[in-house]
Structure formats: structure tokens, C-alpha cells
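S.K.: fold the stuff below for me.
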Amino acid sequence: MYLVILQLIWYMQLSNEHSEFILKKYLEQSVSDSQKISFFLLTGSQSALKSDLVCKLAKEILWWYFLQDFLHIKDFSEQLWKQHILKIEYDSANEVSKQLSSSYSYTDLWVRDINSWLSLSALWTSKIVLIENIERMNWQSMNAFLKTCEEPLPNRIIIATTWNKASLLDTIISRAITIPFFDCSYDELVQYCDDKWYFVWDDNLKSLMCFMSMWKKDQLEKFDKILSEQEELKVQLQNVLSILSSGNIWEKYRTLMNISNNWLIEPFVDGIIHYYISCDDFQSAQNWLWVKSRMNSNVKIDHLLFYGLI
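M.R.: The predicted structure is shown next:
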């Protein structure tokens, strides 16, 4: 049994090498440029793996200042036998500190505690906070935390994990670079497409579809079905990367509107962000995150796409 567990952990780590690659590249960029995006949302059920990875990367970035400039908000819901919720602030009348073990004391931290910690000066290059299972926040706390995500202080990096992305506010999701952690690696996803004869007509399109799927095989099946039935949309997506880099603004706009009319614009935006990060084009990734952050606002999608292009 012990050997099987070790093999499973090893397999999961290999499967998420691409996710680790994307996160590491962007963290390095965030540290070198304080104006870069600094909020990351790690999705998937592998909570321990995600937290361990963030701790490892934080140690590489912060060096001997790790203990002072890294804040780890752990989820002890299971150990405490309760549905723990991250609240705005501490209520001394209703909250009781609990002992998890003889060698470790549990202390509640709140959104205002997190915001206060982030406001303090960093001893080294950056301050990094990791929030496990951010879906435990109630809506009031999410709204209180939103401004921190929207307008982070320079050299502040916020990383949150979640196993239930659907329970988060859309405004929280839209501010983050979403990095999925699943049991399938990028290379395995490409091989899955080849085995199923998905997107065999173009390797660049296949790569884009894998990014858009956010590591979900059922999404690839859905995309292939849509493109198989719509030749014009297939051609546009095959050429979308060259259109965005060299086409005129009206050609770009028509292409994006056609994608939007086929209910593909949200996965497309997530996919194009990952594509640009993998190509070290962080400015383009930042521009598309600007578009993503306003997709659930009152701005019409046609206006948003046009403003994003100019």
C-alpha cells in the first residue's frame, strides 16, 4: 500500500509539471516586475500537492526571509470537524481557540488580518500569501478581499487554492490567473487528442484547445464537436494567433466576436493567457487578464473586446 501511494504521488507530480512550469514562470516575472499580475488561483482537488508546490517555490524566491515574508493560511476544517469559514474579522464572543495537537496551537486568521499583513513592508523582494481552499470565505469576506486582489500593493503575491471554483464570486475568479491541477499532464492531453482524432487538422489549434480546456478531457470533446460542425469558426481559431499578432483591428474584432457568439470566449480568454505565458509574452497575458477581469461587469462583450484590442 505504501508503495502504491508513493507511485500515485509521483504520477500526480509528473502530471502537473506543466502547471508548475506556468506558475514558476509567472512568479519569477512578478518578482522581477512589481507591476505584473500578482493573484493566482490554483484549481483542482490535489490540495496537499498545490500547497507543497507553492511553499517550495516561495522558498526559492524568498530565500532566508521565507519565515518572515511568507504567510500560509492553512485549512484545518477536517481536523477541527467543522465547516470552517474565512470571515472578515475575529469575533471574540463566539470564537474559541482549539488545540490540534500537543505540539501545535491553532489560531484563526481573518481577511482583515491578511490585508494587514500584506500592508507591512517586505524584508526581501516580495511578500507571498497562500490561502488554502479560498472557497471557505463567505461572500462578505470575498467582497472585503476583492480590493486586495484588484489593486495589490507592489511586490505582493497572492496565491489561493480551491477544489470548488464554482463557489467563488465571479469577480474573484476574473482577477486571477487560473492554473489547473489535475491528474492529466499537458502532453497526455495532447496524446488524448491524437487518440480521439481531435483537432488533427492543425497542431497549433490542438495546443490552443488544450489550453482552453484547462486540463479537462470532456471540454476537449465539446470543443471538437463545435468545430466539426462549424467550418468558419474552425478556420478562424486555426488562424487566431496569427490574426491577433498581425491582423488589422477589424479582422481581430470579427474573429473574437465570432468566438464569443459560439459561447467560447471565456475558455478562449483563459487559454490565450496560458498560451502567452508559455511563450514568455507576459504583456499580452496581462492585456488579456484585463479583458477577463471585466467580462462579468456591466460592459457589453462587444464593447469590451473592442476596447481590449485598442
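S.K.: hang on, residue 40 in a helix?
M.R.: No - Residue 40 is assigned strand when assessed by DSSP: H, G, I helix; E, B strand; the rest coil, not a helix.
S.K.: for it, give the beta-bridge partners.
M.R.: residue 159, residue 177 (DSSP bridges).
S.K.: who are the contact partners of the residue nearest in space to the middle of the chain?
M.R.: Centre of the chain computed as the mean C-alpha position; nearest residue by Cα atoms, centre = their mean is residue 178, 1.6 Å away. Residue 178 is in contact with 40, 41, 43, 165, 214, 270, counting by Cβ atoms under 8 Å, 6 or more residues apart in numbering. Yep, even glycine has a C-beta here, placed from its N, CA and C like the rest.
S.K.: in the stretch 151-300 of the chain, where is pLDDT below threshold?
M.R.: For the stretch 151-300 of the chain, applying pLDDT under 70 flags the ranges 183.
S.K.: repeat the analysis, applying 80 as the threshold.
M.R.: 151-152, 181-186, 200-201, 215, 247, 278, 280, 296-298 (pLDDT under 80).
S.K.: where do the strands of it begin and end?
M.R.: 156-162, 177-180 (DSSP state E, counting those that start in this stretch).
S.K.: winner for burial among those?
M.R.: strand 156-162 (a mean of 25; mean count of other Cβ atoms under 10 Å).
S.K.: give me the distance from the helix or strand where residue 141 lies to the chain's centre.
M.R.: Using DSSP states H and E, residue 141 sits within helix 139-150. Computed by Cα atoms, centre = their mean, to the nearest Å, the chain-centroid distance of helix 139-150 equals 16 Å.
S.K.: what about residue 301, how many residues close to it?
M.R.: Close neighbours of residue 301, defined as other Cβ atoms under 10 Å, add up to 16.
S.K.: can you check residue 190 too?
M.R.: Neighbour tally, residue 190, other Cβ under 10 Å: 17.
S.K.: ok, residue 185 next?
M.R.: By other Cβ under 10 Å, 18 other residues sit near residue 185.
S.K.: and it, how close does it get to residue 53?
M.R.: In this view, residue 185 and residue 53 are 14 Å apart by Cβ to Cβ, to the nearest Å.
S.K.: rewinding a little: and of the contacts of residue 178, the nearest to residue 224?
M.R.: Proximity of these to residue 224 (Cβ to Cβ) peaks at residue 214, which lies at 15.5 Å.
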